[in-house]
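Trainee: Below are the sequence and a predicted model; questions follow.
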Amino acid sequence: MYRKKITYFLFYNTIAIGFHSSAILFFPLYFLLNRDINKRLIGSLFVIGNLLFICHIGIVKLVLLPVLTFMGGVYSMMLINYLDSDLFSQPYGLSFGFVERIVTFFLLYKYASRLEQKSCINRLFINTAYMYLLLMVYCSDFSIFIDRVAAMFRYFYWILIPLLLFGKERISYHKVLISFYLLFSISRTIALTDTILYDYDNILTGMRTFYDRKNTWEHFYINNY
């Protein structure tokens with residue numbers, strides 16, 4: 001994408017679709033991620049999105065449901081079923097993650113120019129970050145979309161955050177931010193693994209049989225879904 005070799009991009013993306021159909025969403029990114037996007041526009045969209053998020057104003061169902069109903073087709077019906085489901089369309093609420101996204105956006109918005117000066121390819125990751133953070137606020141009432149689609153764009157964390165916190169040109173208050181992201185990572189890990197499905201065992205402490213694990217999963221699924 002950075003070298004603008006669309007043939008290779010289409011080839012690898014076509015292979016990716018063979019693993020999961022959601023990879024089709026990467027195709028239009030070829031024309032978006034390498035562009036110099038207006039920062040004021042991004043900032044305005046982020047502020048408006050957060051106001052909608054705080055006020056619990058969901059726009060996905062309001063806008064997308066009528067469009068999908070009109071279009072029809074297999075994918076449209078699948079998305080309509082997701083939108084109508086209480087399980088898969090649970091809205092996201094205020095949490096530690098909300099604060100983390102505000103901090104991350106502020107960092108990238110403030111230091112985007114420095115990151116691009118360090119390497120032009122960082123523009124791809126910065127625009128990816130903006131896309132992810134905007135999806136998180138504008139699609140907060142469609143949790144399955146965030147879990148399966150928005151999550152595909154989280155890879156910018158692996159590149160940009162280490163550059164800002166550990167690189168040669170790291171920002172002045174990097175120690176505070178390292179502590180913040182460390183605390184967030186720990187709390188996020190605890191929250192995501194706080195179910196019986198994540199019970200750990202090994203050959204030293206004793207391992208459960210396949211049937212025990214199967215019964216655990218079925219019991220958990222019935223009680224929660």
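Mentor: That came through, no problem.

Trainee: Determine the set of other helices and strands touching the helix ranked longest in the chain.
Mentor: In the chain, assigned by DSSP state H, the helix with the most residues is helix 96-118. Contacts defined by 3 or more CB pairs under 8 Å, 6 or more residues apart in numbering; DSSP states H and E place helix 96-118 against helix 39-54, helix 122-138, helix 156-166, helix 174-192. The way it works is simple: take the backbone N, C-alpha and C, and place the C-beta from them, glycine included.

Trainee: Identify the residues contacting that helix?
Mentor: 39, 42-43, 46, 50, 53, 122-123, 125-126, 129-130, 133, 136-137, 157, 160-161, 163-164, 167, 169, 171, 177, 180-181, 184, 187-188 (CB atoms under 8 Å, 6 or more residues apart in numbering).

Trainee: If you count neighbours, what's buried in it?
Mentor: The neighbour-count check on helix 96-118 (16 or more other CB atoms under 10 Å) flags 98, 100, 101, 104, 105, 107, 108, 109, 111, 112, 115 as buried.

Trainee: follow-up on the earlier one: so which of the helices and strands packed on helix 96-118 gets nearest residue 25?
Mentor: Set against residue 25 and scored by CB to CB, those come closest in helix 122-138, at 10.4 Å.

Trainee: Centre of the chain to the closest one, how far?
Mentor: 9 Å (CA atoms, centre = their mean, to the nearest Å).

Trainee: can you tell me how far residue 197 sits from residue 217?
Mentor: 7 Å (CB to CB, to the nearest Å).

Trainee: meant to ask about residue 31, not that
Mentor: 42 Å.

Trainee: circling back: and the longest helix of the chain, average pLDDT?
Mentor: For helix 96-118, mean pLDDT rounds to 90.

Trainee: Repeat that for stretch 122-129.
Mentor: For stretch 122-129, mean pLDDT is 92.

Trainee: ok, and what's touching it?
Mentor: With contact meaning CB under 8 Å, 6+ apart, stretch 122-129 is reached by 1-2, 32-37, 104-105, 108, 112, 115-116, 153, 155-156, 159-160, 163.

Trainee: Let's see that with 10 Å instead.
Mentor: 1-2, 29, 32-37, 39, 42, 104-105, 107-109, 111-116, 119, 152-161, 163 (CB atoms under 10 Å, 6 or more residues apart in numbering).

Trainee: Give me the nearest residue to residue 43, chain neighbours excluded.
Mentor: Closest residue to residue 43 apart from its sequence neighbours, by CB to CB, 6 or more residues apart in numbering: residue 109 at 6.3 Å.
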